[in-house]
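this one's sequence-less:
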């Protein structure tokens, strides 16, 4: 359960990591916000290099489960998302809360850093840009909006 075009079902992630021996469960949800870098955002579109993204998500989950003796589940949307929709979810469960929190944070941070998933933002003025933290101003403009 990594990439999906369907809405993320939190209850499925929780069920995937729950176990009687797990006393701590951490859940991270990343949702589409209505702004970025001072601009009004109207929607996001996520795309991914599917096979590579799935493989890297699997590696990250295995790393976390080995390091913290936790169960971990992650799901990331692809396609067009509206403001408020869940874009990414990570659930981690372990015997104690500290391990669950640590595993959950590790997975989301590594996912953002290593997995080939790209985000295209559409702004209220009709312009679009690929989000790229390494680019000037954090985006690569795609289309200019406004009057023609």
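Okay, I see it. Please read these numbers as outputs of a predicted model, since none were measured by experiment.

Geometric centre of this structure: which residue is closest?
residue 88 (3.2 Å; CA atoms, centre = their mean).

Quick check: that residue is in a strand.
Yes. Counting by DSSP: H, G, I helix; E, B strand; the rest coil, residue 88 falls inside a strand.

Tell me which residues touch it, please.
By CB atoms under 8 Å, 6 or more residues apart in numbering, residue 88 lies in contact with 8, 28, 29, 30, 74, 75, 76, 77, 108, 111. From N, CA and C alone the C-beta is placed, and that goes for glycine too.

so of the residues you listed, which ones are in strands?
The strands, defined by DSSP state E, take in 28, 29, 30, 74, 75, 76, 77 from those.

Of those residues, which is the most crowded?
residue 74 (27 neighbours; other CB atoms under 10 Å).

count of residues packed around the closest residue to that residue other than its chain neighbours?
Leaving aside its sequence neighbours, residue 74 sits nearest to residue 90 (CB to CB, 6 or more residues apart in numbering; 4.9 Å). Neighbourhood size, residue 90 [other CB under 10 Å]: 27.
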